[in-house]
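# All I have is the shape, not the residue letters:
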């Protein structure tokens, strides 16, 4: 019974035809250029980076590393220390990142496919340029002025030992190369999908996040649902197994219509578990249930388009018309 239920989310109804105009996403190998900087010529090499990557370099230096962009000499010295450091694991990490991301054909194909599907739905949305970089454990994905940066050093595998000193255990499952495209699309959609609730109840937030995840599943139809959610397979299976109990708990506590920030953050934000439900649960259960509601709504309303879904601002009506009954 459980195996059948695992396919329940991620509606397979075709909202996007197969013969759509292909889009090629520009992926810039800034990571290769930055790791080519040499200690004995750092100042001139970094000056060249400013010239070659005029748009992205200031964003990288100021926004990601938090260093004044105009002080090239100061940054050059810091950068040499970063390149050669072994105590914090930067040198080892940079070398592994170069190896693991030497070939990005699979990543490029996945980005092309996802943004081709998104461009079909929303041709007015600008397709971003994707910059790969090494962040010194500072950033996984960032978005600025139609540029999306991907810190490849944050996707070296959930069991990479140096992550023990920079992240919590519950953050590690998505720190894999396979999660890059999902994270890029999630970030992109968070900037382009407007949250238009005036009441900001838990229900409104759940449905909004559920819409994002539903659209993401349509852009990445071959991606396992747990990857789309940012869960492990075991976490997804736990949610499916206890779905009725999760919903009953939410209803018994009358949390759907609460607006307190502590309740919203418990259900929606990253964390080791969802405190309002049980410490045995994964985090972000409110998002997961929101996706299940939206998926049920779309399965019960075949005439509703994705545009209709995203424009529907009445979360209560959507819940009622979803016939969600776990």
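Yep, it's here. Keep in mind that what you see is a predicted model, and the values were worked out from it rather than measured.

# now the strands for the stretch 1-150 of the chain?
Applying DSSP state E, counting those that start in this stretch to the stretch 1-150 of the chain gives strands spanning 27-28, 129-133, 141-144, 147-151.

# so what does the third one touch, helix or strand wise?
Under the contact definition 3 or more C-beta pairs under 8 Å, 6 or more residues apart in numbering; DSSP states H and E, strand 141-144 sits against strand 147-151, helix 180-192. C-beta coordinates here come from the backbone N, C-alpha and C atoms, glycine included.

# For the residue positioned nearest the centre of the chain, which residues are in contact?
Centroid check for the chain by C-alpha atoms, centre = their mean gives residue 183 as the closest residue, at 2.4 Å. Residues in contact with residue 183 (C-beta atoms under 8 Å, 6 or more residues apart in numbering) are 140, 141, 150, 174.

# By neighbour count, which of the residues you listed wins?
Among the contacts of residue 183, residue 150 has the most neighbours (other C-beta atoms under 10 Å), with 27 neighbours.

# For that residue, which residues are in contact?
Counting by C-beta under 8 Å, 6+ apart, residue 150 has contacts 130, 131, 132, 133, 140, 141, 180, 183, 184.

# could I get the residues you listed as JSON lines with distance to residue 273 and pLDDT?
Shown next, in JSON lines, are the contacts of residue 150 (distance: C-beta to C-beta, whole Å; pLDDT from 0 to 100):
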{"residue": "130", "distance to residue 273": "33", "pLDDT": "98"}
{"residue": "131", "distance to residue 273": "34", "pLDDT": "98"}
{"residue": "132", "distance to residue 273": "33", "pLDDT": "98"}
{"residue": "133", "distance to residue 273": "32", "pLDDT": "96"}
{"residue": "140", "distance to residue 273": "21", "pLDDT": "95"}
{"residue": "141", "distance to residue 273": "24", "pLDDT": "96"}
{"residue": "180", "distance to residue 273": "26", "pLDDT": "97"}
{"residue": "183", "distance to residue 273": "21", "pLDDT": "97"}
{"residue": "184", "distance to residue 273": "27", "pLDDT": "98"}
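
# Please verify my assumption that residue 114 contacts residue 221.
No. With contact defined as C-beta atoms under 8 Å, residue 114 does not reach residue 221; the gap is 9.6 Å.

# neighbour count winner among these two?
Neighbours of residue 114 and residue 221, each counted by other C-beta under 10 Å, are more numerous for residue 114; the result is 23 against 16.

# gap between the two ends of stretch 189-209?
Terminal residues of stretch 189-209 are spaced 10 Å apart (C-alpha to C-alpha, to the nearest Å).

# for stretch 96-106, same thing?
Terminal-residue distance, stretch 96-106 (C-alpha to C-alpha): 18 Å.

# Please tell me how far that stretch is from the chain's geometric centre.
20 Å (C-alpha atoms, centre = their mean, to the nearest Å).

# ok, and what's touching that stretch?
27, 31-32, 35, 107, 132, 134, 152-153, 155-156, 160, 177.

# make it 7 Å
For stretch 96-106, contacts defined as C-beta atoms under 7 Å, 6 or more residues apart in numbering pick out 27, 31, 35, 132, 134, 152, 153, 156, 177.

# The stretch 51-200 of the chain: helices as residue ranges?
With DSSP state H, counting those that start in this stretch as the criterion, the stretch 51-200 of the chain has helices at 56-58, 72-84, 90-100, 105-121, 180-192.

# mind checking which helix or strand of the protein has the lowest mean pLDDT?
helix 2-5 (a mean of 32; mean pLDDT, DSSP states H and E).

# Now name the helix or strand holding residue 272.
In this structure, residue 272 is located outside every helix and strand according to DSSP states H and E.

# what's the burial count for it?
13.

# residues touching it, list them.
Counted by C-beta under 7 Å, 6+ apart, residue 272 has contacts 168, 170, 283.

# is it true that the last one touches residue 275?
Which is residue 283. No. Residue 283 is beyond contact range of residue 275, at 9.1 Å (criterion: C-beta atoms under 7 Å).

# Which one of the two is surrounded by more residues?
residue 283 (22 against 16).

# Skipping its backbone neighbours, what lies nearest the more buried one in space?
In space, and not counting its chain neighbours, residue 283 is closest to residue 271: 3.9 Å by C-beta to C-beta, 6 or more residues apart in numbering.

# Any chance of the strands of the stretch 1-150 of the chain in CSV with distance to residue 248 as columns?
Below are the strands of the stretch 1-150 of the chain laid out as CSV (distance: least, C-beta to C-beta, whole Å):
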stretch, distance to residue 248
strand 27-28, 46
strand 129-133, 42
strand 141-144, 35
strand 147-151, 39
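
# Which one of these lies nearest to residue 263?
strand 141-144 (27.4 Å; C-beta to C-beta).

# in its sheet, what does the closest one sit against?
strand 147-151 (antiparallel) (DSSP bridges).
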